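Predicted model, plus sequence, below.
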Amino acid sequence: MLARISRLSKSLATFPKRHLSASTEGFGDHLFKGVVAESYLKKHGLPANTLESHAWTQNGNADKVAAAVLDWARDHGASVYCHWFQPLGSSGFRHGQSSQVQNHMFHFDAKGQAVWDFKGKNLLKGETDGSSYPNGGLRATHRAGGYLAVDATSPIFLRGDTIFIPSCLVSYYGHALDEKTPLLRATDALSREGVRLLRLLGYNVNSLRPNIGLEQEFFFVPRDSYNRRPDLQLAGRTVMGKLPPRGQELSDHYMAPPSLSSPALACMQEIQEQCFKLGIPLRTRHREVAPNQYEFAPMYGDATTQIDQNLMVMQIIEEVATQYGLAALLQEKPFQGVNGSGKHNNWSIGTDDGTNLLNVSELAKRSGNGDIFPVVMSAIMKAVNDYGDLMRMAIASPGNDFRLGACEAPPAIVSVYLGDDMTRYLESFMEGKNVAYQPTTKILNLGASTLPPLEVPAEDRNRTSPFPYGGHRFEFRAVGSSQNVSLVNTVLATIVAKSFKDFANAIESGVAPQEVARNALKTSWKNVFNGNGYDAANQEALTKAGLWRIDSGVDAICRYTVDKNVKLFEEMQVLSAEECAARQTVMLNHYVGTVEIEVLSMIDMINQHVIPSVKNSGVGPLEGLQAAAEELKSAISQIHHTADEKTKAQLARTLRLETMIKVREVCDAAEAVVPASEWTLATYKELLFLDQHV
């Protein structure tokens, strides 16, 4: 044990040292956008704002843009390009949750000499072997082609010697095989129906786009200890492990100063530096609630770009951690007994003139109409009421099984927190009263003459709500940390677009806008809940009130193919019935595959570590461990011999949340009595307390 601690301390002591300085120098240098792209575009006869729309992909300017990109690449020592896309079923396992085939930006002539060669055709599209990506049956075995199209809404970026071109992946028949294509379709639907509704309300805009800000939580653990945990290495979470004497009960880690004695701060600085070069505005960093848990948060931005950047943030976190003797854990619940990790999806809708539709005063000023805001809010409330099951489906990542409703994340009940001021305002509107929204504040007197009074909002935050209104935005708090949030934002854009369409249809038929909005509010008002969502009595009351509640992640996934939801996606031109069914299959298979990896890791750890430790020490529940391993083998065999995909996933869920938990208790009982010198697996104490190891 002493040798183990010495080895750990030595590995952490050798992490790279960094100067504690902050600078914006180099921000965005590796992002082909704005001032970085301007000179290269002008060199080839293009206006500086060429990339601000997607018109260049279809108006004959693609060759010129490609030439500009090539010059930029060469100036930065890059000679490789790739179409960078996001295949289905990647969360939690695939490095970077993305795919690419890297090609050089030159060819070899007849004399064997390299000739620079990168044209518009290379930039606009690509083709790859799509045979081994999850597709849910959309691609026949003998049809392996995958076709790539550039996504001009997200800027090209550079890492190392490679240019990355954000792209979408479709099959030979045009079916979406990636996470991004439906998001772009849903964004079109939101813009199309939103512009239509706003014009009926007297506000003429050209387009709408969803804007988001993503708060990324994660854990750092010593890499030496990580390497002695097969479950963390292969599954991303611990399937066994006795709780240490200290956890998060004293809240001593939350927002504590980063320690200079451990590599965590230097690692986070390096992560931010790399992100800054890519134009990722990773502004905030801090410790989170659990030991060794941290968070990054960027500035707000366009949903498509923010999602692309979040995938790069997660990849960079994992890659840089290794350089500092650490391993980064992005899974939602890597440790039992302490908080897991989420990724709060702050969401709003912006117009092409820069107006935030969820900012009351800004919308009224820009539009000249104070009555638009309650109509927009009513439409969002209707969307939650009608399609809260899809919101739950969108967060049904395997890791959220252990996190939702555990007093660290909102419950699996889809309610909306408005706060007292907004609640009173919308209630007055619903009752036909013309009352202005005036958020109140209060003054705090801190009781000391040297401290100035503080003006604060009259209402507090509500961290127990899955979808609270936070002033100018909604915050989808239940999203899992390892998720690609394309699905989350596809759902939000689609369901709100449908509400906008329904409102516009009613108004065009002759119904007054206020009446349409009030009727929608009355129908959906049951979803408003400003209380404590963790309280069991409140949860029971909300369930009885008829709010969407789907406790099982497997059941939530299967809402993809419910008739009303398929009809929604088809009507809004986001997904076909075939694509809905395929994505449900991919999600179910991903769930089953995740559980299988966890179970097989647990079996190996029992047989290769726990049982030998018990035998060598002569103490512990040997017979119970042997029986547990056989029980797990039998359960996984039953899953393998089940054909129906939903039944298979339900069996996997039972195995994970019942059988494995019972087996874990046996394993943890063994760890409690086996001498530390005989226990070969890294313990929670070794994994969770970086500051105490150096």
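Looks like it came in fine.

What about Leu282, how many residues nearby?
21 (other CB atoms under 10 Å). For the C-beta atoms, the positions are set from N, CA and C on the backbone; glycine is no exception.

pretty sure it is touching Glu270, no?
No. With contact defined as CB atoms under 8 Å, Leu282 does not count as touching Glu270 (11.5 Å).

where do the strands sit along the stretch 251-400 of the chain?
All strands of the stretch 251-400 of the chain, identified by DSSP state E, counting those that start in this stretch, fall at 282-287, 293-298, 301-302, 326-329, 343-351.

who touches the residue lying closest to Pro291 once chain neighbours are set aside in this structure?
Spatial nearest neighbour of Pro291, chain neighbours left out: Leu688 (4.3 Å); criterion: CB to CB, 6 or more residues apart in numbering. Neighbouring residues of Leu688 by CB atoms under 8 Å, 6 or more residues apart in numbering: 221, 244, 247, 290-292, 335, 338.

so for whatever helix or strand Asp555 lives in, what's the average pLDDT?
Asp555 is part of helix 553-557, with elements assigned from DSSP states H and E. Per-residue pLDDT values across helix 553-557 average out to 97.

Stretch 584-600 too?
98.

Single out the most deeply packed of the strands of the stretch 251-400 of the chain.
Comparing those by mean neighbour count (mean count of other CB atoms under 10 Å), strand 326-329 ranks first with a mean of 25.

any low-confidence regions in the stretch 351-500 of the chain?
Low-confidence segments of the stretch 351-500 of the chain, defined by pLDDT under 70: 406-407, 458-460.

and the closest residue to Trp679 other than its chain neighbours, how far is that from Leu208?
Leaving out its chain neighbours, the residue that sits closest to Trp679 by CB to CB, 6+ apart is Ser613, at 5.4 Å. Ser613 is 60 Å from Leu208, where distance means CB to CB, to the nearest Å.

between these two, which one's more packed in?
With neighbours defined as other CB under 10 Å, Ser613 and Leu208 compare such that Leu208 has more, 26 against 21.

distance of the more buried one from Asp302?
Taking CB to CB, one finds Leu208 at 11 Å from Asp302.

Repeat that for Leu446.
40 Å.

any idea which helix or strand carries Ala504?
helix 486-508.

Keeping just the C-alphas, turn the helix or strand just after that helix into PDB.
Using DSSP H and E, the helix or strand that follows helix 486-508 in sequence is helix 513-524. Written as PDB, here are the backbone C-alpha positions of helix 513-524 (Å, rounded to 0.1, in the frame of the first residue of the first chain):
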ATOM      1  CA  PRO A 513     -53.200  36.000 -31.200                       C
ATOM      2  CA  GLN A 514     -53.900  36.700 -27.500                       C
ATOM      3  CA  GLU A 515     -56.800  34.200 -27.500                       C
ATOM      4  CA  VAL A 516     -54.700  31.500 -29.100                       C
ATOM      5  CA  ALA A 517     -51.900  32.100 -26.500                       C
ATOM      6  CA  ARG A 518     -54.300  32.100 -23.600                       C
ATOM      7  CA  ASN A 519     -56.000  28.900 -24.600                       C
ATOM      8  CA  ALA A 520     -52.600  27.200 -24.900                       C
ATOM      9  CA  LEU A 521     -51.600  28.500 -21.500                       C
ATOM     10  CA  LYS A 522     -54.800  27.200 -19.900                       C
ATOM     11  CA  THR A 523     -54.200  23.800 -21.300                       C
ATOM     12  CA  SER A 524     -50.500  23.600 -20.300                       C
END
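
which residues sit against the helix or strand just after helix 513-524?
Per DSSP H and E, the first helix or strand lying C-terminal to helix 513-524 is helix 536-544. With contacts defined as CB under 8 Å, 6+ apart, helix 536-544 is touched by 405, 411, 413, 415, 529, 531-533, 549.

Please tell me which one of the residues you listed counts the most neighbours.
Ser415 (28 neighbours).

Isn't that one up against Gly531?
No. Ser415 lies out of contact with Gly531 (CB under 8 Å); the separation is 9.2 Å.

Can I take it that Met660 is in a helix?
Yes. Secondary structure assignment places Met660 in a helix (DSSP: H, G, I helix; E, B strand; the rest coil).

about what we covered before: and of the strands of the stretch 251-400 of the chain, who's closest to Gly388?
When the strands of the stretch 251-400 of the chain are compared by CB to CB, strand 343-351 sits nearest Gly388, at 14.9 Å.

For the stretch 1-150 of the chain, just list every one of the strands.
So, for the stretch 1-150 of the chain - with DSSP E, counting those that start in this stretch - the strands run 80-84, 103-104, 106-108, 114-116, 125-129, 145-150.
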